[in-house]
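Trainee: need a 3D model of the following:
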Amino acid sequence: MNTLRLLEELIAIDSPTGFTFAAADHIEETLRTYGFSPVRTVKGAVRCALGPSPTLALAAHTDTLGAIVSGFNSNGTLRFSLLGGPLLPSFEGGYVRVHTLTGRVITGTLLLNDPSTHANNKAATLERTTDGMHVRLDEPVRTADEARALGLRIGDIIAFDPKYQALANGFVKSHFLDNKAGCYVLFEVARLVAALGKAVPVELFFSTYEEVGHGGAPSYSDNVDELLVIDMGVVGDKLEGSEQKCSICAKDSGGPYDYGFRKRLVELAESQAIPFALDVYPFYSSDGTAAWRAGVDARVALIGPGVHASHGMERTHVDGIKATVDLCMAYINDRYPG
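Mentor: From the prediction side, this is the model:
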């Protein structure tokens, strides 16, 4: 597997849902280095053919959890509304970047209202909700008007600091491994296909609205009849998933994935000794779910590296990422031999 540098670079680019432009630019630039010609959809997704007339699409979402400015408090702090479903206690105390319409970036911190334990003896036990939290700006503001004078408006995007770390033992911990790790898998597929020197009828699809439920709605090439979604595998109690394996999802909250597609993935993983786990996810949906609900007539499967503490301080392992890349390539070579 290639260096994780591309994963770190992509995670460092703020891309909450609805604000994925810079990440999409970076994805396009990366794919061009492998000799491909990606295009941008009207909705802002990146689509990249690895050969003529693609019939198989591999999809991963570029957008991440985040927030959006919803108002100004009288003391100059910001109210916010969530983009997606971040686990707020995992983000509390974290640094943020507020992106204004003019391009200015103002830093701050996500905090509980009245956060000092020396002033509020209930700070440790209060429920963390958007109504009970705020963004403190790193600017000398004391009123709502002073905050507005910085150029801030309702609708400005709030991006959370990912806190990325790659450890020598192979673990990678960061916010937004869901699903920047999946995007990295697609980068690896592009690199490996380019190294083979042959065109395959496969397209890579980097969606932009998965965290709010409609990222994988129709934008795939007309001839696509199979959709392999690459998204985080769930690691949790009563589940088989592991950070060091590729998870294959049999069913999530949208229902079962295609039986024959899943069966072939399991056969390939077993025959090629690719570490994998089969699971049913109780609280999950993917770009595959969105595609089916939007009427895409294709077989759909869902795989991905196991990610612990999803939507919080996430962690995965290079072994799980590699297993996912290996299974993608195994399926491509199986469907398009020669």
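Trainee: now do the same contact list for Ile158.
Mentor: 16, 66-69, 78, 80, 96-99, 135 (C-beta atoms under 8 Å, 6 or more residues apart in numbering). Using the backbone N, CA and C atoms, a C-beta is placed for each residue, glycine as well.
Trainee: wasn't Gly288 part of a helix?
Mentor: Yes. Under DSSP: H, G, I helix; E, B strand; the rest coil, Gly288 falls within a helix.
Trainee: relative to Val307, how far out is it?
Mentor: 17 Å (C-beta to C-beta, to the nearest Å).
Trainee: try Gln244
Mentor: Using C-beta to C-beta, one obtains 11 Å as the distance from Gln244 to Val307.
Trainee: who's more crowded, those two?
Mentor: Val307 (26 against 20; other C-beta atoms under 10 Å).
Trainee: hey, which helix is longest across this structure?
Mentor: Determined from DSSP state H, the single longest helix within the chain is helix 177-196.
Trainee: buried stuff in it?
Mentor: Neighbour counts over helix 177-196 (16 or more other C-beta atoms under 10 Å) mark 177-193 as buried.
Trainee: so which elements touch the helix-or-strand element of the chain with minimal mean pLDDT?
Mentor: Of all helical and strand segments in the chain, the minimum by mean pLDDT, DSSP states H and E falls on helix 287-293, at a mean of 94. Applying 3 or more C-beta pairs under 8 Å, 6 or more residues apart in numbering; DSSP states H and E, one finds that helix 287-293 contacts strand 56-61, strand 226-230, strand 299-308.
Trainee: redo those strands as TSV? Include mean pLDDT.
Mentor: Below are the helices and strands packed on helix 287-293 laid out as TSV (pLDDT from 0 to 100):
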stretch	mean pLDDT
strand 56-61	98
strand 226-230	98
strand 299-308	98
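Trainee: which residue sits closest to Trp292, ignoring its sequence neighbours?
Mentor: Leaving aside its sequence neighbours, Trp292 sits nearest to Val300 (C-beta to C-beta, 6 or more residues apart in numbering; 6.2 Å).
Trainee: swap in Val105?
Mentor: Nearest residue to Val105, sequence neighbours excluded (C-beta to C-beta, 6+ apart): Arg97, at 5.2 Å.
Trainee: pretty sure that neighbour contacts Pro162?
Mentor: No. Counting by C-beta atoms under 8 Å, Pro162 is not a contact partner of Arg97; they are 10.7 Å apart.
Trainee: the two: which has the busier surroundings?
Mentor: Taking other C-beta under 10 Å, Arg97 and Pro162 do not tie; Pro162 has more neighbours (21 against 15).
Trainee: pretty sure that one sits in a helix.
Mentor: No. Pro162 is assigned coil when assessed by three-state DSSP, not a helix.
Trainee: so what's the closest residue to it other than its chain neighbours up against?
Mentor: Nearest non-adjacent residue to Pro162, counting by C-beta to C-beta, 6+ apart: His175, 4.4 Å away. Contacts for His175 (C-beta under 8 Å, 6+ apart) come out as 64-65, 90-91, 160-163, 312-314.
Trainee: pull out the buried residues from those.
Mentor: Buried among the contacts of His175 by 16+ other C-beta under 10 Å: 64-65, 90-91, 160-162, 312-314.
Trainee: spit out the contact partners of the residue lying closest to Val98 once chain neighbours are set aside.
Mentor: In space, and not counting its chain neighbours, Val98 is closest to Ile106: 4.6 Å by C-beta to C-beta, 6+ apart. Counting by C-beta under 8 Å, 6+ apart, Ile106 touches 97-98, 100, 137-139, 150, 152.
Trainee: list the strands paired with the helix or strand containing Ile106, with their directions.
Mentor: Element membership for Ile106, per DSSP states H and E: strand 105-112. Paired neighbours of strand 105-112 in the sheet (DSSP bridges): strand 95-99 (antiparallel), strand 133-137 (antiparallel).
Trainee: would you confirm that Asp178 contacts Ala309?
Mentor: No. Applying C-beta under 8 Å as the test, Asp178 and Ala309 come out as separate, 10.0 Å apart.
Trainee: just the CA atoms of stretch 291-304, as CSV, please.
Mentor: Output in CSV follows, covering the C-alpha atoms of stretch 291-304 (Å, rounded to 0.1, in the frame of the first residue of the first chain):
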residue,chain,number,x,y,z
ALA,A,291,-28.8,5.3,-4.7
TRP,A,292,-31.5,2.7,-4.3
ARG,A,293,-34.0,5.1,-2.8
ALA,A,294,-33.3,7.5,-5.7
GLY,A,295,-34.2,4.7,-8.2
VAL,A,296,-30.7,3.6,-9.3
ASP,A,297,-31.2,0.2,-11.0
ALA,A,298,-27.9,-1.5,-9.9
ARG,A,299,-26.7,-4.2,-7.6
VAL,A,300,-25.2,-2.6,-4.5
ALA,A,301,-22.7,-3.8,-1.9
LEU,A,302,-21.1,-2.0,1.1
ILE,A,303,-17.6,-2.6,2.4
GLY,A,304,-15.0,-0.6,4.3
